[in-house]
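Trainee: please find the sequence and the predicted model below.
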Protein chains: 2
Amino acid sequence: MPAHAQTSTAAIVAAGRRLLEERGVDALTMRDVAEVVGVRTPSLYKRVRNRADLFRLILTEVVDEMSAAIDAAANSGDPVADLRALANTFRRFAHRNPVAHTLLFTPREVTGTPVESQRSTATLMRLVTELAGPGDALPAARTMVAWINGFVTMELAGAFRLGGDVEVAWDFGLGRLLAALR
Amino acid sequence: MPAHAQTSTAAIVAAGRRLLEERGVDALTMRDVAEVVGVRTPSLYKRVRNRADLFRLILTEVVDEMSAAIDAAANSGDPVADLRALANTFRRFAHRNPVAHTLLFTPREVTGTPVESQRSTATLMRLVTELAGPGDALPAARTMVAWINGFVTMELAGAFRLGGDVEVAWDFGLGRLLAALR
DNA sequence: TTTCAAGGCTACTGATGTTAGCCTTGAGCA
DNA sequence: TGCTCAAGGCTAACATCAGTAGCCTTGAAA
């Protein structure tokens, strides 16, 4: 490593991630990232292929963090309690990383940024298999994750506009769904 | 109307909508829209305030179309059958307008494009009230729409990667959910 | 016949992503 | 101890966008 490295891929990803959440997708410019990490714009391209690649790196980091949080939360042994913990952890994580979460579940055709996330499904599949039995595990897991993600997405999008208590709706839906999958 | 109008707001919105679905969000440029409607780029700004405004117009049209399709499909009188029709119509519409659908449920912070859609909730609320009773109507409607939208969103995002039959999962989830809300 | 504004247009500005190609630095080898 | 060389900075430049300024043509109405 000849000259002093003034930044790193990790620093670039961290800066990008912060800017993404603070200012939104469009405001995440290579110029601003460069400024945050203390370097000129073209120097970023020594570490990151292009802007889409930066998004990919950011979202991969987010997915890994989310998976870890879920795995840590859902380990009581009781599938119902653990599925509740999984759902609540997913939701809390999305609330703390709203922009990144939205991007995670946005098609590549829209963002141009694919993200891999195989890892995070293992825990869900295990819990749902315990709850619904192996025969219905896959459709049950899809039902569960569709509801969780749909609820959080709409909530973040401000799509619940009819008033009422959103927390009540969350608990209502989660309870009914877990009962329905048993 | 002095000179021959060579285009119209409707033509611009139609062209934009087509380009949006065919090539994705980023590829929807004012230049391409102008070319399609047979005019130079700056002339678009006589009809449309800016690119965000064009998105708003497109998405408003999409929402109205979707609401109309749902209202037309869900009128048998039986709330369960009508909720099934509502869900299936929503899904079919999303499959035909995947990019627009994704944008519809993406937060303003991400797209910078707010869309109003009060109208489409009336039918859902009526059906869910019949099914679940007035006390649980709001949380039940939110549970329903969260699942529908979540399923479709993940499907479009290519997030169901574990194989299996997605149609089976859709029917499974819809059936269980309707039973759970009764 | 004159007016006048709607609705075209060209020319331009400012952001932004990205590439080309140069220069400095310092770790490791001769 | 001095030389090499590539990692990792940098400036300069380009292409592509959205959007603005300001002009010109047209044709309907006075």
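Mentor: Arrived safely, thanks for sending. Owing to the predicted nature of the structure, the values given are computational and were not obtained by experimental measurement.

Trainee: now the lengthiest helix in chain A: buried residues?
Mentor: What stands out as the longest helix in chain A, according to DSSP state H, is helix A:51-73. For helix A:51-73, a neighbour-count test (16 or more other C-beta atoms under 10 Å in any protein chain shown) marks A:51, A:54-59, A:61-63, A:66-67, A:69-70, A:73 as buried. Every residue, glycine included, has its C-beta placed from N, CA and C.

Trainee: likewise stretch A:27-47?
Mentor: The neighbour-count criterion (16+ other C-beta under 10 Å) identifies A:Leu28, A:Met30, A:Val33, A:Ala34, A:Val36, A:Val37, A:Val39, A:Leu44, A:Arg47 as the buried residues of stretch A:27-47.

Trainee: what's the answer for stretch A:148-161, then?
Mentor: Of the residues in stretch A:148-161, A:Ile148, A:Asn149, A:Gly150, A:Phe151, A:Val152, A:Thr153, A:Met154, A:Glu155, A:Leu156, A:Ala157, A:Ala159, A:Phe160 count as buried by neighbour count, 16+ other C-beta under 10 Å.

Trainee: that older thread, quick check, nearest of the buried residues of stretch A:27-47 to chain B?
Mentor: Lowest distance from chain B to the buried residues of stretch A:27-47 (C-beta to the nearest C-beta) belongs to A:Leu28, with 10.9 Å.

Trainee: what about that closest one, which helix or strand?
Mentor: If you go by DSSP states H and E, A:Leu28 is not part of any helix or strand.

Trainee: I'd say it and A:Glu22 touch.
Mentor: No - using C-beta atoms under 8 Å, A:Leu28 is not in contact with A:Glu22, being 9.2 Å away.

Trainee: what's around the nearest residue to A:Val168 once chain neighbours are set aside, how many residues?
Mentor: What sits nearest to A:Val168 in space, not counting adjacent residues and going by C-beta to C-beta, 6 or more residues apart in numbering or on different chains, is B:Pro139, at 5.7 Å. B:Pro139 is flanked by 24 other residues according to other C-beta atoms under 10 Å in any protein chain shown.

Trainee: which SS class is B:Pro139?
Mentor: helix (DSSP: H, G, I helix; E, B strand; the rest coil).

Trainee: ok, residues contacting stretch A:66-80?
Mentor: Defining contact as C-beta atoms under 8 Å, 6 or more residues apart in numbering or on different chains, one finds that stretch A:66-80 is touched by A:82-83, A:85-86, A:88-90, A:93, A:97, A:117, A:119-120, A:123, A:127-128, A:130-131, A:178.
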